[in-house]
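K.L.:
Here is a sequence with its predicted model. Questions after.
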Amino acid sequence: MNILKPLILILFFGLTLPVWAQTTRLPQTETPPVIPEWPLPVFDKREFNVIEFGAEPNNQQKFMTALNGAIDECHQAGGGRVRIPKGIWLSGPIHLKSNVNLHLDEGAEVRFSQ
C-alpha cells in the first residue's frame, strides 16, 4: 500500500502534465514585431577645422579653446562638421550642440582627462 500512493501520483502527473503544458502555451504570432528604422542625421556641408581656430596637438588649453570656438561657430552657422585632423589631441569634456557633426580624421586620437 505504501508504494501504491506514489505510483498513483506519478501516473496522474505523468498523464496530465503534457496536456496541461499544451493548453498553457502563449499564443504564437505569425509575423515578427516591426522595429522602426531611424533616419540617419543629415548635416550641412560646412566644415570647421580646429586648426583654423588655433588648436595645437598635445596642448590641451589651445585645443579646448579652438574646439569650443569651432563648435560654437558651427552651431551659430546652422550646423556642419567640426573636423579634428590626424594627431594626438588632449581634451577635457566636450559639449556638443545641435546640428554639429564632430568628425575625427583617420589617425586622430582625442585623449580625455578630468
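P.N.:
Yep, it's here.
K.L.:
Could you use CA atoms for every contact and neighbour count after this?
P.N.:
Noted.
K.L.:
Can you pull out the low-pLDDT segments for the protein?
P.N.:
For the chain, the stretches flagged by pLDDT under 70 are 1-3, 6-7, 9-29.
K.L.:
where along it do the strands fall?
P.N.:
47-49, 80-84, 87-91, 100-104, 108-112 (DSSP state E).
K.L.:
and E30, which of those is closest to it?
P.N.:
The closest approach between E30 and any of those, judged by CA to CA, belongs to strand 100-104 at 41.2 Å.
K.L.:
So what does G78 have for phi and psi?
P.N.:
G78 adopts backbone torsions of phi 100, psi 0, taken as degrees, to the nearest 10.
K.L.:
re the thing from before, switch the strands of the chain over to TSV; also include distance to P36.
P.N.:
Converted to TSV, the strands of the chain look like this (distance: least, CA to CA, whole Å):
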stretch	distance to P36
strand 47-49	31
strand 80-84	27
strand 87-91	36
strand 100-104	24
strand 108-112	33
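K.L.:
Tell me which of those sits most buried.
P.N.:
Mean neighbour count, computed with mean count of other CA atoms under 10 Å, is highest for strand 80-84 among the strands of the chain, reaching a mean of 23.
K.L.:
can you tell which of the strands of the chain is closest to W38?
P.N.:
Closest approach to W38 among those is made by strand 100-104 (17.3 Å; CA to CA).
K.L.:
that older thread, looking at the strands of the chain, which is nearest to M64?
P.N.:
That would be strand 87-91 among those, by CA to CA, at 6.2 Å.
K.L.:
what lines up beside that closest one in the sheet?
P.N.:
Strand 87-91 sits in its sheet next to strand 108-112 (parallel), going by DSSP bridges.
K.L.:
gap between the partner strand and the chain center?
P.N.:
Centre-to-centre, strand 108-112 and its host chain are 19 Å apart (CA atoms, centre = their mean, to the nearest Å).
K.L.:
residues in contact with it?
P.N.:
I84, P85, K86, G87, I88, W89, L90, S91, G92, P93 (CA atoms under 8 Å, 6 or more residues apart in numbering).
K.L.:
mind redoing it with 10 Å?
P.N.:
By CA atoms under 10 Å, 6 or more residues apart in numbering, the surrounding residues in contact with strand 108-112 are 57-58, 60, 83-94, 104.
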